[in-house]
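[1] all I have is the shape, not the residue letters:
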Ligand SMILES: O=C(O)c1ccc(O)c(O)c1
Ligand SMILES: [Mg+2]
C-alpha cells in the first residue's frame, strides 16, 4: 500500500494558482477541482491542465453537479445537456472522474429505480467522453444519505462508468460504519474523500461545511475507516475534502503542509494498526522518545533579563556556565536546566521575555530528524558556530524552537558548547527543584489544530481530551501531550475565539512547571528568598475545603503558602504554586506529585488566570 495523496481545492484559500502551487509544494500528487475554482479562473481548462502538469499534479476529480438523481423530467433533461458541456471541459482538463453527490432538492423523487436509471443514463453519456462518475451519499441527502443506499443505486444502475465515492465525514458523522464494504467489488470504489471532525451535536450540514478537520485533528476514527476502504481493494488516491472556516482564510501554503502531514501520519498509523497488513513502507522513522527535557531557553532583552535573573535566583537556580560564542547563560538546579538568551536583535520596542526553545534529550536525533522531515516540520533557522553541537531543530507554529539533544553516550553533548564560569555563586536558597515537569505554550488561534497534530505526530504520542478554561479575558482551549512517560509534558493553549484588542492581560502566556519532591518546603524557601509568588484569594480556599472535605489546618497551610491542591480519581495528589508573570508573558509553576498523580492540574486554572489578571492589573495601577 502506497496510495497517492490528493486535496480538494476547496480546502485552501486564494486563487486557483495559489491553491495548486501550495498543494504541489506540500507534496500532494493530485487535486479535486471544485467547479467555482475553474469557473472563476481567467485560465482556460487547457491552461489549468498545463499548470497542473508543470506542478506535477493530476486532476483526480471534478465537482460540478448537484441534484442529479431522482429529478423530475424537466430538470433531468437540463442536467444531461449540461453534462455534455462539463464532460467536454473535463477532456480538456485531462480529468476523467466526476463527482455526483446525492440530491438535496426538495422535489427529489424517492425512488431507487428512477435514481438508478437516471445515473445509468448519465454514465452512458460520460462513457462517450471517457469520463467516469463517482456517486456520493451526502449525510443530509434528500433520499439517499447512507453509503449503503448509494451502493444499492450504483449496483442497480450496473454501468461500468458508474461507481462509488466514499467520504468519511458522511459515514462517521452518522456514527455509521463500513460493515458490508467487503461485498462491494473493488473496481466500484472510484474515489475516497477523507475528513475528520470534532464531536459536535449540531445540524450535520453546518457541521460539515464549517467544522471539518484534517485526519488526526478531530474525533473520528480514520485509521479504522481508511484501513477498511484500503482492505476492500480501493486503489485510488487518499484525497482530503475539508470545509473549514479557519483554513479557508489561512495562507494556503501553511494549510497544505498541515494537510499533507495529516495524511502522512494517517498512513503511518494504519501501517501500525494490528488489524492492517503492514508492509512497513508507510511507517515513519522512530519518534524522538525523549527521556526528559534537556533545557528550556528563555529569550530576554538586556533589561528584562535583569528581572528574570532575580526570579531565577529566588527560585534557587544557579548561573553555572555561559555559551562559548553566544550571549546565552545556563542556569540549573537538580536536572532542570534553563537558558537565558539575551537578545538585542529583536524588533520589539518594549522589553520582553519569552520561552524561545525546548530541548529534548533524544537517543537517536538522526532518526528523529528523518521523521521530522517526513512530517514536513519547519527547520529552525539558526547559526551554528565551528565546533558546536549541530542539533536538529524545528519551529512550531508559535515560533518556539524544538531542539533534539543527543543523549546517548559517546555523542557530543550540547553542554560542551558552554564553559563553566570562574566563580559560581552559591544558590540563594534551597528550593529543591528536581526537573522540568511540563511546559505550556500558546499557539496562534488559526494554527491550533495544526500545532497539536504536528506535535502529536512528531513525538508519536496520543492526545488527551482538550479542555476549556474560562479566563478573565476569554475562553482558553488547552491540549495536554504527555511527551515522556511521567516525566515531561507539553501543554498547548489557544484562545477559543480570535482575541479582541481590548484585553490588557497576558497576550500569549507561556509557563514552565518545575518539579519538586516537597512543595511545602519549596514554598517556604520561596517565601524566604522573596520570590514573586502569585497570591491566591481566600475565596478559593473556603470553597476547596468544602468541596474536598479538608481539615482546617491543612487548608490553612495551603492558603498561607498560596499552594493549590488537586486530587485525581485514583487518589493521587498534586500540590502546586505559581509565580507572578515575569516580564511580558512567562511564569513559573512549582509542582509536587504524590501517590502517582499523573495529569496536569487544571481544576484551578481559572483561579490562577484570574489571579494573574489581578496581579497585572495592580501593576498597571501602581
Ligand atoms: O457540502 C456539500 O455540498 C458537499 C459537496 C461535495 C462533497 O463531496 C461533500 O462531501 C459535501
Ligand atoms: Mg465529499
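    Arrived safely. This is a predicted model, so every value here is computed, not measured. Ligands and ions are numbered 1, 2, ... in the order given.

[2] please make it C-alpha for all contacts and neighbour counts, starting now.
    Will do.

[3] ok, residue 235 to residue 229 distance?
    9 Å (C-alpha to C-alpha, to the nearest Å).

[4] low pLDDT regions in the stretch 51-200 of the chain?
    Within the stretch 51-200 of the chain, no stretch has pLDDT under 70.

[5] in it, which spans are helices?
    In the stretch 51-200 of the chain, the helices defined using DSSP state H, counting those that start in this stretch lie at 73-93, 112-128, 147-157, 168-172.

[6] can you add mean neighbour count and distance to residue 300 and give these back as JSON lines?
    Shown next, in JSON lines, are the helices of the stretch 51-200 of the chain (neighbours: other C-alpha atoms under 10 Å; distance: least, C-alpha to C-alpha, whole Å):
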{"stretch": "helix 73-93", "mean neighbour count": "16", "distance to residue 300": "54"}
{"stretch": "helix 112-128", "mean neighbour count": "20", "distance to residue 300": "65"}
{"stretch": "helix 147-157", "mean neighbour count": "21", "distance to residue 300": "57"}
{"stretch": "helix 168-172", "mean neighbour count": "23", "distance to residue 300": "46"}
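
[7] output these in TSV; the columns should cover distance to residue 585.
    Shown next, in TSV, are these (distance: least, C-alpha to C-alpha, whole Å):
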stretch	distance to residue 585
helix 73-93	52
helix 112-128	60
helix 147-157	50
helix 168-172	39
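
[8] contacts for the lowest-mean-pLDDT helix or strand in the chain next, please.
    Every helix and strand of the chain was ranked by mean pLDDT, DSSP states H and E. The lowest is helix 605-621, at a mean of 84. Residues outside helix 605-621 that contact it (C-alpha atoms under 8 Å, 6 or more residues apart in numbering): 469-472, 505-506, 534-537, 540, 578, 580-581.

[9] what of stretch 102-109?
    Residues outside stretch 102-109 that contact it (C-alpha under 8 Å, 6+ apart) are 66-72, 135-138, 140-145, 150.

[10] just to revisit the earlier point, report the buried members of the contacts of helix 605-621.
    469, 471, 472, 505, 506, 534, 535, 536, 578, 580, 581 (16 or more other C-alpha atoms under 10 Å).

[11] between these, which sits nearest residue 332?
    Of all the buried ones among the contacts of helix 605-621, residue 332 sits closest to residue 578, with 18.8 Å by C-alpha to C-alpha.

[12] which residue packs closest to the closest one, ignoring adjacent ones?
    residue 589 (4.3 Å; C-alpha to C-alpha, 6 or more residues apart in numbering).

[13] please report how far the one you found lies from residue 551.
    For residue 589, the distance to residue 551 - C-alpha to C-alpha - is 25 Å.

[14] which one of the two is surrounded by more residues?
    residue 589 (20 against 11; other C-alpha atoms under 10 Å).

[15] and that one, that one's in a helix?
    No. Read with DSSP: H, G, I helix; E, B strand; the rest coil, residue 589 is strand and lies in no helix.

[16] identify the residues contacting residue 392.
    Applying C-alpha under 8 Å, 6+ apart, the residues near residue 392 are 365, 366, 369, 379, 403, 404, 405.

[17] which outside residues touch the helix or strand containing the last one?
    Here residue 405 is covered by strand 401-406, with elements defined by DSSP states H and E. Contact partners of strand 401-406, identified using C-alpha under 8 Å, 6+ apart, comprise 288, 294, 356-365, 380, 391-396, 412-414.

[18] related to what we said a few turns ago, what subset of the contacts of stretch 102-109 is buried?
    Listed as buried from those are 67-71, 135-138, 140-145, 150; burial here means 16+ other C-alpha under 10 Å.

[19] can you tell me which of these are in strands?
    135, 136 (DSSP state E).

[20] residue 485: which of the buried ones among the contacts of stretch 102-109 is nearest?
    Closest approach between the buried ones among the contacts of stretch 102-109 and residue 485, by C-alpha to C-alpha: residue 138, at 42.2 Å.

[21] with adjacent residues omitted, what lies nearest to that closest one?
    Using C-alpha to C-alpha, 6+ apart, the nearest residue to residue 138 is residue 145, at 5.2 Å.

[22] same question for residue 432.
    Per C-alpha to C-alpha, 6+ apart, closest to residue 432 is residue 516, 5.9 Å.

[23] now residue 267
    Residue 267's closest residue in space is residue 282 (C-alpha to C-alpha, 6+ apart), at 6.0 Å.

[24] for the stretch 451-600 of the chain, which segments count as helices?
    For the stretch 451-600 of the chain, the helices defined by DSSP H, counting those that start in this stretch occupy 519-529, 538-548, 552-560.

[25] now render these as JSON lines, adding mean pLDDT and distance to residue 595.
    As requested, the helices of the stretch 451-600 of the chain are exported to JSON lines (pLDDT from 0 to 100; distance: least, C-alpha to C-alpha, whole Å):
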{"stretch": "helix 519-529", "mean pLDDT": "97", "distance to residue 595": "14"}
{"stretch": "helix 538-548", "mean pLDDT": "95", "distance to residue 595": "17"}
{"stretch": "helix 552-560", "mean pLDDT": "98", "distance to residue 595": "17"}
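
[26] gap between the residue nearest to residue 138 and residue 241?
    Taken as C-alpha to C-alpha, the span from residue 145 to residue 241 is 18 Å.
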